[in-house]
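In: mind folding the following:
(chains A and B)
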Amino acid sequence: MKERLTEELIAIRACKELQPGDCCNLGIGTPQLCAMHVPQGIHVQTENGAIGYGPLMTADDWQQLDTDLVDAGGKFFTSAPGMSFFDMLTSFAMIRSGRLISILGGLQVSQKGDLAIHSIGKADEYPQVGGSMDLAWGARRLIVAMTHNTRDGKPKIVKELSLPVTAHECVDLIITDLAVIEVTPGGFLLKEFATGWSPQEVEEQTEAKLTIAGDVKEIEF
Amino acid sequence: MNNKVCNAAEAMAGVHDGDHVAAHIWGVNGTPGYLFRALVDRGVKNLTFYANNFLPSPPGLIALGLPDSSGTILLSQIRKLVTAFTGTRAIRGLGEEDFLDKWLKSGQLELEITSHGVFLGRLHAGAMGLGGFYSPIGIDTIIEQGKEKRVIDGKEYILEKPIRPDVGLIRASKADKLGNLVYHGTARGANPIIAMASKFNIVEVEEIVDTGELDPDMIVTPGIYIDRIVQIPREDAASPENRQEILEKVFADPGIRELVFGASRGEQE
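Out: A predicted model of the protein is given here:
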């Protein structure tokens, strides 16, 4: 078995997309790990009503624990100068304002950039919408950080979604444990691939057609 | 009522069978868990319950001696639940029984799924007395099922109806005796919106101060929205002081600290 990137490395690569001054929202799952790696000067937003807060609490600073500073995934965070709190109506107006970069997890992405995340498509499940539809609709730029394949090896980067759609034509960039793929008007563009893999081997793990970028390279961190 | 300050049982006299009740639920953060327990004691039935999230208490918190203050203690009193997130995929992933299954399968409970943004928009519409609004969220998803759709300027929208709860259960940091509220951190959440949308609001607070003590510039929810003010008793296991004390005791154990917060920064490098 060839090695794939760990969840942590996917998160580290996703954080490279962020520039100083950017505001971003981190979804539940792999994107949550980004919280420990966001570079200086990035303002992280959480949908329950905060922006510009400090890193997540670690075992080192637990004595400053304030149980009312909690992110969307229920993790405690630290204070930072310039941090602000607001109600959730303000928060979702912000999310839909096109000012935030959103990093979400994903179950499937189609070549048109349709995203499936809220439902596994089983009749007896209760879909978990949360803020995903609002984030996908309203982000300035939507980055999906997810594994390239399902646990049983099926491709998650597909021609058409087989799972219920969360939002149409919303994904800009996909970062997986095998590749960095841009969604373009002409379909998927393979820009980077994991060390030890070739672009052709990444294609074999992908259902939709991949165009290989002229300057395709190994993923750098 | 000139004096809004009362105990939880007195406040709950304002909640009746069949009422529509709304609350902010985000773990224990900003969630009116003390009032949830008082609502269990009140025993009213056939409620329609609106909450952004609806999840069981983490078993760890209960093991620490904190009473279960999650919305799930109300399940036998709820006829219809409107929420955006129940976390049940993760629960099933752990191989545990889904806490909603028995209620839904028996037909005692109806579930309506929404999104966080739509939920807040519907509360805002309720607060403003709107008849509804056209929303772009959830096209071709469960969100649009059974709703009117309309194309405006070439884009598709879904007609969303307002939420106007009979009762809002609110959690705030401090109230003065008029019911002016201030919040702390992310415990603000959806509380101010629920207070604006609901016809009758009961707030649980950590501290009641004299009128005039709160800085008017800092007041988030004006007292006009608040009908009953309940001080969480210091001796209650879920009071903020108690919670902080319990957590500090627990986190004194380095093993648990690492479990909750991850490895220390020194170890990561």
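
In: mind checking pLDDT for the residue in chain A sticking out farthest from the centre?
Out: The outermost residue of chain A relative to its centre, with distances by Cα atoms, centre = their mean, is residue A:63 at 30.7 Å. Listed pLDDT for residue A:63 reads 79.

In: over to residue A:180?
Out: pLDDT, read off for residue A:180, is 98.

In: phi, psi of it?
Out: Backbone torsions for residue A:180, taken as degrees, to the nearest 10, come to phi -120, psi 120.

In: what's the burial count for it?
Out: 25 (other Cβ atoms under 10 Å in any protein chain shown). The way it works is simple: take the backbone N, C-alpha and C, and place the C-beta from them, glycine included.

In: which phi and psi does the residue lying closest to it once chain neighbours are set aside have?
Out: Using Cβ to Cβ, 6 or more residues apart in numbering or on different chains and skipping the chain neighbours, the partner closest in space to residue A:180 is residue A:192 (3.8 Å). Per-residue torsions, residue A:192: phi -140, psi 150 (degrees, to the nearest 10).

In: surely residue A:192 touches residue A:212?
Out: No. Between residue A:192 and residue A:212 there is no contact under Cβ atoms under 8 Å: 10.8 Å.

In: one step back: quick one: secondary structure of the residue farthest from the centre of chain A?
Out: helix (DSSP: H, G, I helix; E, B strand; the rest coil).

In: quick one: contacts for residue 62?
Out: Since no chain was named, I'll use chain A. B:251, B:257, B:261 (Cβ atoms under 8 Å, 6 or more residues apart in numbering or on different chains).

In: that's the wrong chain, I wanted chain B
Out: So residue B:62 contacts residue B:68 (Cβ under 8 Å, 6+ apart).

In: go on, the one 4 residues further on?
Out: Contact criterion Cβ under 8 Å, 6+ apart gives B:57, B:237-238, B:243, B:246 as the residues in contact with residue B:66.

In: nearest to chain A: which residue in the stretch 1-150 of chain B?
Out: Closest residue of the stretch 1-150 of chain B to chain A, Cβ to the nearest Cβ: residue B:117 (3.5 Å).

In: pretty sure that residue sits against residue A:134.
Out: Yes. Contact between residue B:117 and residue A:134 holds when scored by Cβ under 8 Å: they sit 3.5 Å apart.

In: show me the common contact partners of those two, please.
Out: Contacts common to residue B:117 and residue A:134, judged by Cβ under 8 Å, 6+ apart, are A:92, A:95-96, B:137.

In: hmm, back to that, then the host helix or strand of the residue of the stretch 1-150 of chain B closest to chain A to CSV, C-alphas only?
Out: Using DSSP states H and E, residue B:117 maps to helix B:116-128. Output in CSV follows, covering the C-alpha atoms of helix B:116-128 (Å, rounded to 0.1, in the frame of the first residue of the first chain):
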residue,chain,number,x,y,z
HIS,B,116,-28.4,27.3,10.6
GLY,B,117,-28.7,30.3,8.3
VAL,B,118,-32.3,29.6,7.3
PHE,B,119,-33.2,29.0,11.0
LEU,B,120,-31.9,32.4,11.9
GLY,B,121,-33.5,34.1,8.9
ARG,B,122,-36.9,32.5,9.9
LEU,B,123,-36.5,33.8,13.5
HIS,B,124,-35.6,37.3,12.1
ALA,B,125,-38.6,37.2,9.9
GLY,B,126,-40.7,36.3,12.9
ALA,B,127,-39.3,39.2,14.9
MET,B,128,-40.0,41.6,12.0
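
In: what lies in contact with it?
Out: A:47, A:88-89, A:92, A:95-96, A:129-131, A:133-134, A:138, B:22, B:50, B:52, B:82-85, B:114, B:132-133, B:135, B:137-138, B:143, B:160-165, B:190, B:193-194, B:196-197.

In: now with 7 Å, please.
Out: Contacts to helix B:116-128, defined as Cβ atoms under 7 Å, 6 or more residues apart in numbering or on different chains, come from residues A:47, A:88-89, A:92, A:95-96, A:130-131, A:134, B:52, B:84, B:132-133, B:135, B:137-138, B:143, B:160-164, B:190, B:193-194, B:196-197.

In: what do you get for stretch A:112-129?
Out: With Cβ under 7 Å, 6+ apart, stretch A:112-129 has contacts from A:104-109, A:132-133, A:136, A:144, A:161, A:163-171, A:183, B:84-89, B:100, B:111, B:113-115, B:142.

In: how about stretch A:207-217?
Out: A:111, A:155, A:157-159, A:181, A:186-193, A:199, A:202-203.

In: could you list which of these belong to strands?
Out: If you go by DSSP state E, the contacts of stretch A:207-217 have A:157-158, A:181, A:187-193 in strands.

In: for the shared contacts of residue B:117 and residue A:134, work out which two are farthest apart.
Out: A:95 and B:137 (10.5 Å; Cβ to Cβ).

In: ok, how many other residues are close to the residue in the stretch 151-269 of chain B positioned nearest to chain A?
Out: With Cβ to the nearest Cβ, the shortest gap between the stretch 151-269 of chain B and chain A falls at residue B:185, namely 3.5 Å. Residue B:185 has 22 neighbouring residues, counting by other Cβ under 10 Å.

In: what sits against it?
Out: Residue B:185 touches A:66, A:68-69, A:85, counting by Cβ under 7 Å, 6+ apart.

In: dump the residues you listed into a markdown table; add distance to chain B and secondary structure as well.
Out: Below are the contacts of residue B:185 laid out as a markdown table (distance: Cβ to the nearest Cβ, whole Å; DSSP: H, G, I helix; E, B strand; the rest coil):
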| residue | distance to chain B | secondary structure |
| --- | --- | --- |
| A:66 | 6 | coil |
| A:68 | 4 | coil |
| A:69 | 5 | coil |
| A:85 | 6 | strand |
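
In: mind giving me the ChimeraX command for buried ones among these?
Out: The ChimeraX command for the buried members of the contacts of residue B:185 (criterion: 16 or more other Cβ atoms under 10 Å in any protein chain shown) is given here:
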select /A:68,69,85
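
In: please list the residues of chain A that sit near chain B.
Out: Contact residues (Cβ under 7 Å from any Cβ of the partner chain) of chain A with chain B: A:46-50, A:57-60, A:62, A:65-70, A:74, A:85, A:87-89, A:92, A:95-96, A:120, A:125-131, A:133-134, A:137, A:164-166, A:168.

In: ok, the lengthiest strand in chain A: who's next to it in the sheet?
Out: If you go by DSSP E, chain A has its longest strand at strand A:210-218. For strand A:210-218, the pairing partners within the sheet under DSSP bridges are strand A:187-193 (parallel).

In: residues making contact with the strand it pairs with?
Out: Here strand A:187-193 has contacts from A:111, A:157, A:178-182, A:199, A:202, A:208-213, A:216-219, using Cβ under 7 Å, 6+ apart.

In: report the buried members of the residues you listed.
Out: A:111, A:157, A:178-182, A:199, A:202, A:208, A:210-213, A:216, A:219.

In: from those residues, which is closest to chain B?
Out: For these, the nearest to chain B is residue A:111 (17.0 Å; Cβ to the nearest Cβ).

In: contacts only, for the closest one.
Out: Contacts of residue A:111 by Cβ under 7 Å, 6+ apart are A:159, A:187-188, A:208.

In: can you pull the residues of the stretch 1-150 of chain B lying near chain A?
Out: So the stretch 1-150 of chain B meets chain A at B:26-27, B:29, B:84-89, B:100, B:111, B:113-117, B:120, B:124, B:136-143 (Cβ under 7 Å from any Cβ).

In: give me the subset of these lying in helices.
Out: Judged by DSSP state H, helices contain the following of those: B:88-89, B:116-117, B:120, B:124.

In: fine, thanks again, bye for now.
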